[in-house]
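In: When you get a sec, could you give me coordinates for this:
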Amino acid sequence: MPQVRIIAKNFMDMVAALPAMKLDILYENPFICEAILRSLPPLAKKYVTQMLFSEGSITAKLLEEWVLPDGSTKHRVSIDRLVQLRIFTESVERKKEKSYRLNPTFQANLQKRITTGGVLPREPMPPSLTGRLPSLEELEKYALEQWECFLLHLINSGQAEKVTSFSPSMMRVFQRGLLSQSKDPKLTESGFQFLLMETNAQLWYIIREYISNSEVCII
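Out: Numbering: from 1, shown residues only. Predicted coordinates:
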């Protein structure tokens with residue numbers, strides 16, 4: 001678990017360092033908004049969830065009242081992180097009082113993710129179709145098979161097209177830094193380290209690479 005926490009922190013540092021325009025593009029995806037929320041410090045999560053369905057801004061003084069006196073350090077760390085990630089927009093009112101409001105793109109898409117699961121409500125599906133939907137156990141089995149296919153692809157890249165349904169562009173992004181760039185790709189040192197990671201840590205690595213190279217991904 002410590003390794004996962006370190007990777008998650010590095011991931012958040014990487015996201016915070018992205019240009020404002022790229023962050024706004026990322027926040028157009030409800031799933032990414034949820035992932036960012038899950039990775040925030042506990043106090044930062046509290047602020048976001050409490051302000052999620054509120055309009056307008058919250059003064060810095062009011063935010064401080066949401067914290068116990070011994071939590072001032074964690075409060076400052078949380079506010080700094082939210083501002084770095086452009087989840088909070090900071091402004092100064094006429095009375096020179098600082099206030100914060102949620103990034104409207106992040107707020108709208110996180111609301112969508114929480115209330116509708118990230119998709120628009122649909123008409124109920126007829127039993128003739130729902131009877132063929134996969135069960136949770138089948139979905140979990142399929143996900144595990146796909147992940148095993150991806151790992152096999154790293155070990156034996158010559159079978160890439162036969163063992164995985166990932167699109168070529170997504171595979172190139174996921175493999176960046178894990179395989180050598182040559183006619184006969186081989187595992188790099190980072191690739192060997194990746195194979196030794198826990199699954200959660202591997203997934204954080206993939207998410208980080210996806211965000212860093214999102215312009216070349218085709219979903």
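
In: so Lys141 sits in a helix?
Out: Yes: under DSSP: H, G, I helix; E, B strand; the rest coil, Lys141 sits within a helix.

In: Check it and give its pLDDT.
Out: As predicted, Lys141 sits at a pLDDT of 89.

In: got a list of what Leu85 touches?
Out: When contacts are counted by C-beta atoms under 8 Å, 6 or more residues apart in numbering, Leu85 touches 12, 15-16, 23, 36. Heads up, the C-betas are built off the backbone N, CA and C, glycines and all.

In: Same question for Met51.
Out: By C-beta under 8 Å, 6+ apart, the residues touching Met51 are 58, 101-102, 107.

In: Of those, just the buried ones, ChimeraX syntax please.
Out: Those of the contacts of Met51 that count as buried under 16 or more other C-beta atoms under 10 Å are selected in ChimeraX with:
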select :58,101,102,107
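
In: For the contacts of Met51, point out the one with the lowest pLDDT.
Out: The member of the contacts of Met51 with the lowest pLDDT is Ile58, at 89.

In: For the contacts of Leu85, which two are the farthest from each other?
Out: Pairwise distances across the contacts of Leu85 peak at 12.1 Å for Met12 and Leu23 (criterion: C-beta to C-beta).

In: From the neighbour counts alone, determine which of those two ranks first.
Out: Counted by other C-beta atoms under 10 Å, Met12 and Leu23 do not tie: Leu23 has more neighbours, with 22 against 18.

In: tell me which element that one is part of?
Out: If you go by DSSP states H and E, Leu23 is part of helix 20-26.
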